[in-house]
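S.K.: Build me a model:
(4 chains)
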2 protein chains.
Amino acid sequence: MSAPAPDPRRAEETAGGAAAAAVAGRDVSRLRLWLRMLDGSNLVQRAIRQRLRDAYNVTLPRFDLMAALDRAGPDGMTMGQLSRRLRVSNGNVTAVVDRLAKEGAVVRRSPPEDRRTSFIALTEEGRRQFAEMAVAHLGWIDDLLAGLDDAEVAELTRLMEKARTTAQARVDAAAGEQTGEPR
Amino acid sequence: MSAPAPDPRRAEETAGGAAAAAVAGRDVSRLRLWLRMLDGSNLVQRAIRQRLRDAYNVTLPRFDLMAALDRAGPDGMTMGQLSRRLRVSNGNVTAVVDRLAKEGAVVRRSPPEDRRTSFIALTEEGRRQFAEMAVAHLGWIDDLLAGLDDAEVAELTRLMEKARTTAQARVDAAAGEQTGEPR
DNA sequence: CTTAAACATTTTAAGCTTAAAATATTTATC
DNA sequence: GATAAATATTTTAAGCTTAAAATGTTTAAG
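M.R.: The predicted structure is shown next:
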């Protein structure tokens, strides 16, 4: 006679402290998925940060900001546009742009018709630097994810997109409950 | 006669700056996957940070550290064990433990036989707090990922695990090239 | 025993990040 | 035209994070 096989989706009671006890018996499959997602993306992110630093002495936030500007037109983008695009606070953009400007990678320009705003654009040198880094970056990602074949890449992309969409819907719903959302 | 359909895996030349030109024609499917992974995990992470803050006035690094301690035995863990487990620097653990200790959630103890080291453990109150937060945390993750059915959760977990493993192998290989790895 | 090496942690300097307050400018209202 | 509201950005205070240097302790070699 064999004991009944435990359901691998359920939390076990064998080890851990108070939290393990409180969560015992619940379905932890989505929690496990989240921990894998976090682990995987943190691993790749650490590797990319390290390589950007070693090869170009640049940080990921600066790389991301330059990437946004490289896609923008010749006028560049305003601080507010950068903040929304990169999903970081206004103050953060101010700080990162300050450093990039000091290095000569970007310039600030304020239009005379609205002196509140300022347009940030890559300099010639900044654009040249970014083009070089972008090619290396693409190569690093291909290297790090080379163990997935094309079908797996396509399936994983599809599922991550679905996960993102569903999570975004829940976040939006929670934000609606805060303010008085129109019924 | 119709024009040949463009391969969706290839980068197009239509828009963007110098980087878009430099990367034109290359397979960007893994890059696209990486951007989806980053987007998805950042979205969930932001939501969790927000909810931890609103509900318990706690940050994600403190929650993660308490989670590690909750799993550990009654003696807790040393600073070095925490640093390796959480994959953060020694100095970082010092800073986060300092704050948790000031709040009364953890205690430091140095064994008399080795005064270099120190064991960090949850206090009664810290353990109680964490148990409560862990239950809420599990609920939030289930909520945010509720749009994926059980089969999708299983498949996504499997693929993320594979992505992590392959990326780890590449990171290890790169580290080996740095030092003189034994042939 | 003395000294060097190894080990565990803390400190420091620099940078990233946010929320909230402050500043400056423009637009709308009376 | 004065005033209020809206808009765009910067500043500030607090916390997270790292790499590298510094500190204190233990172990190993002689």
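S.K.: And the helices in chain A, which stretches?
M.R.: With DSSP state H, the ranges of helices along chain A come out as A:18-23, A:29-56, A:60-71, A:79-86, A:90-102, A:124-144, A:150-178.
S.K.: Of all the ones you listed, which one comes closest to chain B?
M.R.: Distance to chain B, taken as CB to the nearest CB, is lowest for helix A:150-178 among these, at 2.5 Å. Glycine gets a C-beta too; all of them are placed from N, C-alpha and C.
S.K.: pLDDT wise, what is the closest residue to residue A:75 other than its chain neighbours at?
M.R.: Distances taken as CB to CB, 6 or more residues apart in numbering or on different chains place residue A:119 nearest to residue A:75, at 5.4 Å, with adjacent residues excluded. We have a pLDDT of 97 for residue A:119.
S.K.: I'd like to know how far residue A:20 sits from residue A:26.
M.R.: 11 Å (CB to CB, to the nearest Å).
S.K.: Kindly report the same for residue A:96.
M.R.: Going from residue A:96 to residue A:26 by CB to CB gives 41 Å.
S.K.: do the same with residue A:97
M.R.: 46 Å.
S.K.: repeat for residue A:163
M.R.: Taken as CB to CB, the span from residue A:163 to residue A:26 is 20 Å.
S.K.: Which of those two has more residues huddled nearby?
M.R.: A direct count of neighbours by other CB atoms under 10 Å in any protein chain shown for residue A:163 and residue A:26 places residue A:163 higher, at 28 against 15.
S.K.: I'd like to know how many residues surround the nearest residue to residue A:127 once chain neighbours are set aside.
M.R.: Of all residues not flanking residue A:127 in the chain, residue B:18 sits nearest, at 4.8 Å (CB to CB, 6+ apart). Close neighbours of residue B:18, defined as other CB under 10 Å, add up to 18.
S.K.: residues contacting residue B:18?
M.R.: A:70, A:127-128, A:130-131 (CB atoms under 8 Å, 6 or more residues apart in numbering or on different chains).
S.K.: Most neighbours out of those residues, which is it?
M.R.: Ranking those using other CB under 10 Å puts residue A:130 first, with 26 neighbours.
S.K.: ok, back up a step: could I get the helices of chain A as JSON lines with mean pLDDT and distance to residue B:156?
M.R.: Shown next, in JSON lines, are these (pLDDT from 0 to 100; distance: least, CB to CB, whole Å):
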{"stretch": "helix A:18-23", "mean pLDDT": "81", "distance to residue B:156": "21"}
{"stretch": "helix A:29-56", "mean pLDDT": "96", "distance to residue B:156": "6"}
{"stretch": "helix A:60-71", "mean pLDDT": "97", "distance to residue B:156": "25"}
{"stretch": "helix A:79-86", "mean pLDDT": "97", "distance to residue B:156": "26"}
{"stretch": "helix A:90-102", "mean pLDDT": "97", "distance to residue B:156": "31"}
{"stretch": "helix A:124-144", "mean pLDDT": "96", "distance to residue B:156": "18"}
{"stretch": "helix A:150-178", "mean pLDDT": "92", "distance to residue B:156": "4"}
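S.K.: was I right about the residue nearest to residue A:75 contacting residue A:73?
M.R.: No - here residue A:119 does not reach residue A:73: they are 10.0 Å apart, not a contact under CB atoms under 8 Å.
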